[in-house]
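Q: Pasted the sequence and its predicted model underneath.
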Amino acid sequence: MDLKLSAGLRRELVSAIRANGACRSDAVAAAFAAIPREAFLPELADTEGLEAVYTDDAIITKRNRGGEPLSSSSQPSMMAAMLELLAVNPGDNVLEVGLGTGYNAALLKHLTGPGGRVSSVDVDPTIVSRAARHLAELGVEVDTICGDGRHGHAANAPYQRIIVTAAAEGVTGAWTEQLAPEGRLVAPIRRARGRTDAQLIPAFELRDGVLRQVDQTRGFFMGLHD
C-alpha cells in the first residue's frame, strides 16, 4: 500500500465532499481523512489502483447470479451526508444495519472514539466474515453480527444512534425499542416499485417515547435483504 498516495487521495476526497456540501463538520471530515477506503476494497485497489478507490462513486462489491447488485461500498458523499444527519458524539453506542464492506462501520468507530461502541448487522455471512477480517486487519474494533437487521441487535442496546444503510419499508419496532431516549435514527425509506426518483432519508429523534422527524436528505440504496 502506498501510504503517502493514500493519505493524499483521502485529503482530496475530503475536499471534494466538503465542496459539494455533503461533509460539513470537522468530525466527519477527520473520519474520512483517517480511514483508508482501500482497506475495504483491496481487490479494486490491486487491479485498478488507489485512484479508482477514491472516486466519489458507489462501488458494487457483490452481485447475484443474474448480475443484480447485492452489496456495495456506498458513495462517499452519500455516506458523509448521512453521518452528518446521524450526528454521532464521542462515546456513543451506535448500531449500523447493513455492514457491507465495513468502511462505514470504521468511520462510525472513528466518530465514537475509544469510549464508544459500534455494532453492525448484516444478513449475509460471507459479507460479515469479509468485513470483520478487514476491520480487524485495520485494528478497528466493531462488533460484527450476522442476522436480520430489521430486528436490530438487542444484546448491545440501548443505542444513542442507529443508522440503516439499506432501504427499508419503514422504521421497524425493534429499532425504536432499541433506541435510547433522545437518540437519533437515520434510515432510507424504500420507494414504491417502479419509482426512479431519489429515496427520502429522514433523521428521527426519540422524544417522550415518540419518533419525530428532525431532518432529512435524499439518496438511493438497495433494499434490505432477507
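A: Noted; the coordinates are in hand. Numbering: from 1, shown residues only.
Q: What are the buried residues along whichever strand or helix holds Lys4?
A: Using DSSP states H and E, Lys4 sits in helix 3-19. Neighbour-count burial for helix 3-19, counted by 16 or more other Cβ atoms under 10 Å, picks out 6, 9-10, 13-14, 16-18. (C-beta placed from N, C-alpha, C; glycine too.)
Q: so the next helix or strand after that helix versus helix 3-19, what angle?
A: Next along the chain after helix 3-19, taking DSSP H and E as the criterion, comes helix 26-34. Relative orientation of helix 26-34 and helix 3-19, computed by axes from the mean of the first three to the mean of the last three Cα atoms, to 10 degrees: 150 degrees.
Q: Quick check: buried residues in helix 26-34?
A: 27-29, 31-33.
Q: other SSEs contacting that helix?
A: The helices and strands touching helix 26-34, judged by 3 or more Cβ pairs under 8 Å, 6 or more residues apart in numbering; DSSP states H and E, are helix 3-19, helix 76-86, helix 103-112.
Q: and it, what's its mean pLDDT?
A: Helix 26-34 comes out with an average pLDDT of 98.
Q: show me what contacts the spatially most central residue of the chain?
A: For the chain, Asn104 is the residue whose C-alpha lies nearest the centre (Cα atoms, centre = their mean; 3.8 Å). Residues counted as contacts of Asn104 (Cβ atoms under 8 Å, 6 or more residues apart in numbering) are 74, 79, 96, 163, 165.
Q: and which of the buried residues of helix 3-19 is nearest to Arg133?
A: Each of the buried residues of helix 3-19 was scored against Arg133 by Cβ to Cβ, and Ser6 proved nearest at 19.3 Å.
Q: Tell me how far the closest residue to the closest one other than its chain neighbours lies from Gln199.
A: The shortest distance from Ser6 to any non-neighbouring residue, by Cβ to Cβ, 6 or more residues apart in numbering, is to Pro36 (5.3 Å). Per Cβ to Cβ, to the nearest Å, Pro36 is found 29 Å from Gln199.
Q: Kind regards, and thank you for your time.
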